[in-house]
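# Structure of the sequence below:
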Amino acid sequence: MKSRALLALEHSPGNAMTDPGEIDRFYDRCSDLMCELLDGLAAAPDRPRPFPEIEDAIGWPRRRIASVLGGVSHLRHTQFAGLRPYHFLGPRHAESGRWEMWADSAQADAIRGAQEQA
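This is a model prediction of the structure:
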């Protein structure tokens with residue numbers, strides 16, 4: 001699937017961050033586990049993957065992503081108006097038939113920049 005097609009099918013595309021400075025602030029304020037997840041997404045930009053595949057790549061146990069996303073929800077909603085530095089693809093549109101997530105190349109660049117500053 002090409003990026004433009006992904007954006008058309010993406011779950012709540014208006015919630016995806018685009019400002020590198022905002023992504024840097026998010027990275028600075030989130031938990032170490034959320035930073036690990038963002039680093040894992042930045043390692044494979046523009047490539048939607050189901051949670052288990054991302055968890056395997058990071059070396060995490062199953063269901064950790066769901067826990068980490070639940071933990072960062074308060075931060076996202078209180079400090080970032082619900083925005084997030086990644087994208088979601090719902091199971092109806094995902095190749096895997098499961099929720100998938102990814103960082104686009106601009107988000108990945110910002111995440112890597114934030115990682116270098118941390």
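
# now the top helix by length along the chain: mean pLDDT?
For the chain, the longest helix by residue count, based on DSSP state H, is helix 64-79. The pLDDT scores in helix 64-79 average 97.

# So for stretch 36-48, what gets flagged as buried?
Neighbour-count burial for stretch 36-48 flags 37-42, 45-48 (criterion: 16 or more other Cβ atoms under 10 Å). The way it works is simple: take the backbone N, C-alpha and C, and place the C-beta from them, glycine included.

# scratch that, stretch 52-63
54-55, 58, 60.

# Dump these to TSV, plus secondary structure.
Below are these laid out as TSV (DSSP: H, G, I helix; E, B strand; the rest coil):
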residue	secondary structure
54	helix
55	helix
58	helix
60	coil
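
# wait, which of these is closest to residue 108?
Nearest to residue 108 out of the buried residues of stretch 52-63 is residue 54 (Cβ to Cβ; 13.5 Å).
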